[in-house]
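J.: Give the three-dimensional model of this entry:
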Amino acid sequence: MNTGKTKSNMLGKVWRDYSFIFVFLIIFLVYAMTSSAFTWSATMNIFRHSAVIGIVALGMGLVCLTGEIDLSAGSTLAFVSGFSVVIFNMTGGNVLLTLIFSLIMGAVFGLINGFFVGVVKMPSFIVTLATMLIYRSFAQYFCQHISKDLIGGGSSVYKMTSSYSGYDAMYGFGNGKIATFPIVGLVLIIITVLFVYISNDTKFGKKVYAVGSSEKGAFMSGINVRLIKLMTFVIMGIMVGAAAFLWICMNGSSDPATTGNSYEMYAIAAVVLGGIAMSGGKGKMIGILFGSLSYTVIDKIIIALKMDSLINNAVKGIILILVILIQVAGPQIKERFAVMKKDK
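T.: Here you go, the predicted model:
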């Protein structure tokens, strides 16, 4: 009896801690059964298509662990990617300066959000909703008023000048492969490993979990809650900056009206699919990698089934609710059965 109970508890713990892996495997199996284009190359492309949203989601996951949220991620991506193109064209195709600008600009936008949320203590939902509108608006406005040479000769799109030598290097990086594995997918994995290390093995990571678990308790234990929240938003901004750089490497351009559109929602979906609690303090950063991959595979399933594009987001939303229901209801059902057995 005790052995069976121990096994049951172990299985329950495995499900609670690693449900994101099982969710991904189930979704991937559905994709394998429904897609006629299911090949090794198509499977590897999942990592390529998950790279940008996955990197944004890693930053979002850190913010969510503190119990906050960032709705400005998509607009920040549009602004930073657009102006990174401007820097690329302005410097004659200097790749290093373009990368540095992307990271610094992302950090600045994250600092702005973090200041109002962490220091001023305004609600993150309101602050990032406002900056979402501001950043997107600025990205579109400046695209219409900056010199045509700096935006690549267009009128509504930031476009990298292909005649510069740095163009081939960046485009090759964004679309290249190492033994059939996309380079940008490798970047996603490396950054995931870094975030897993930060969250599990550093004092900063432990403080992030402490703030998310109980802000008051964290403050009472001597943690500078304001600084931790400020830092998480700055890191979020840096990740969006990195994603913006990958975006222009992969696409060679940035449309201020559509680039990053709804990416904050996709990132939040990847975070939730990865098992991070939106209330803060619970979840594993490794889960976000699987959450990002799961979200990409869901998109591929919808395409494979040739569904009407107008209901794509509805299908994604339904799947997301079902996954959350399983993650939340599973432990509750188990506890209820345990109580019933105890009463008998």
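
J.: so Asp199 makes contact with Val208?
T.: In this structure residue 199 is Ser, not Asp. Yes - between Ser199 and Val208 there is a contact under Cβ atoms under 8 Å: 6.8 Å. (Glycine included, C-beta is placed from N, CA and C.)

J.: ok, and Ser199, which helix or strand is that part of?
T.: helix 183-201 (DSSP states H and E).

J.: Check the offset of that helix from the chain's centre.
T.: Its chain's C-alpha centre and that of helix 183-201 lie 12 Å apart, by Cα atoms, centre = their mean, to the nearest Å.

J.: got it, and stretch 209-220?
T.: Chain-centre distance of stretch 209-220: 24 Å, with Cα atoms, centre = their mean.

J.: Tell me which residues of that stretch come out buried.
T.: Residues Tyr209, Ala210, Val211, Gly212, Ser213, Glu215, Ala218 are the ones in stretch 209-220 that count as buried (16 or more other Cβ atoms under 10 Å).

J.: what's the farthest-apart pair in those?
T.: The two members of the buried residues of stretch 209-220 with the most space between them (Cβ to Cβ) are Tyr209 and Glu215, at 11.7 Å.

J.: The buried residues of stretch 209-220 in helices, which ones?
T.: Secondary structure from DSSP state H places Tyr209, Ala210, Val211, Gly212, Ser213, Glu215, Ala218 of those in helices.

J.: need those in a markdown table with pLDDT, can you?
T.: Below are these laid out as a markdown table (pLDDT from 0 to 100):
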| residue | pLDDT |
| --- | --- |
| Tyr209 | 94 |
| Ala210 | 94 |
| Val211 | 94 |
| Gly212 | 92 |
| Ser213 | 91 |
| Glu215 | 90 |
| Ala218 | 91 |
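
J.: got a markdown table for the residues you listed, with distance to Thr259 too?
T.: Listed next are those as a markdown table, based on distance: Cβ to Cβ, whole Å:
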| residue | distance to Thr259 |
| --- | --- |
| Tyr209 | 33 |
| Ala210 | 36 |
| Val211 | 32 |
| Gly212 | 30 |
| Ser213 | 35 |
| Glu215 | 34 |
| Ala218 | 36 |
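
J.: Closest one to Met278 out of these, please.
T.: Nearest to Met278 among these is Gly212, at 10.0 Å by Cβ to Cβ.

J.: middle-most residue in the chain, spatially?
T.: Ala57 (1.4 Å; Cα atoms, centre = their mean).

J.: what helix or strand is it on?
T.: Element membership of Ala57, judged by DSSP H and E, is helix 40-65.

J.: so who does Gly153 touch?
T.: The neighbours of Gly153, taking Cβ atoms under 8 Å, 6 or more residues apart in numbering as the test, are Lys159, Thr161.

J.: how far away is it from Gly54?
T.: Plainly put, Gly153 is 32 Å away from Gly54 if you go by Cβ to Cβ, to the nearest Å.

J.: Looking only at neighbour counts, state which of Ser199 and Val208 leads.
T.: Between Ser199 and Val208, counted using other Cβ atoms under 10 Å, the more crowded position is Val208 (26 against 21).

J.: Hmm, the more buried one is touching Gly67, no?
T.: No - assessed by Cβ under 8 Å, Val208 is found out of contact with Gly67, at 10.1 Å.

J.: that older thread, name the residues of the helix holding Ala57 that are buried.
T.: If you call a residue buried by 16+ other Cβ under 10 Å, then helix 40-65 has these buried ones: 43, 45-65.

J.: same check, this time on stretch 95-105
T.: Neighbour counts over stretch 95-105 (16+ other Cβ under 10 Å) mark Val95, Leu97, Thr98, Leu99, Phe101, Ser102, Leu103, Met105 as buried.

J.: tell me the SS of the third one?
T.: Same thing as Thr98. At Thr98 the chain is in helix, as set by DSSP: H, G, I helix; E, B strand; the rest coil.

J.: Show me where this protein has its helices.
T.: 2-34, 40-65, 73-90, 95-114, 124-145, 165-175, 183-201, 203-213, 215-220, 225-251, 263-273, 286-304, 312-343.
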